[in-house]
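Predicted model and sequence follow; I will ask about them next.
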Amino acid sequence: VSVEAAGEGAAWALGGGATGACGASDPQDPTCARLTLTGTLREQTSSAQLQRATASLGARHPLAPWLAAGGAHTGGGYFELEIDEVWLLDHYGGPTRISVAEYTQCARLPPMVQR
């Protein structure tokens with residue numbers, strides 16, 4: 001993501017096929033859950049935001065410390081997706097829309113780096 005992308009719309013899709021959660025099922029089959037988050041990219045500029053982003057990236061990619069140092073492929077910036085819509089496709093018949101409030105209140109795994 002480049003700095004020029006800040007303020008632009010973006011989508012991030014997470015599929016169960018990538019985690020092995022769908023077993024032998026086709027990852028493109030609607031019964032293999034897929035979550036899509038859409039929203040606006042916001043560049044992280046405060047020192048607290050940048051410290052959190054650097055620590056999170058370093059924790060998730062410990063064998064590539066150059067990533068957290070702002071490698072050329074990162075565009076030198078860190079961004080957060082300000083979520084506008086959440087869609088869950090986990091069965092035939094189209095996606096289910098989930099409110100952002102409902103999505104952010106659900107139980108989640110502990111983050112690798114605490115805020």
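All right, it came through fine. Numbering: from 1, shown residues only.

Identify the residues contacting whichever strand or helix holds residue 39?
Per DSSP states H and E: residue 39 is located in strand 34-43. Residues outside strand 34-43 that contact it (Cβ atoms under 8 Å, 6 or more residues apart in numbering) are 1, 3, 5-16, 77-90, 95, 103. From N, CA and C alone the C-beta is placed, and that goes for glycine too.

Can you say which of those residues are buried?
Among the contacts of strand 34-43, those buried by neighbour count (16 or more other Cβ atoms under 10 Å) are 1, 15-16, 77-79, 81, 86-87, 89, 95.

out of the residues you listed, which one sits closest to residue 50?
Checking the buried ones among the contacts of strand 34-43 against residue 50 by Cβ to Cβ gives residue 78 as the nearest, at 6.3 Å.

Reduced to three states, what does the closest residue to that closest one other than its chain neighbours come out as?
Spatial nearest neighbour of residue 78, chain neighbours left out: residue 53 (3.8 Å); criterion: Cβ to Cβ, 6 or more residues apart in numbering. Three-state assignment for residue 53 (DSSP: H, G, I helix; E, B strand; the rest coil): helix.
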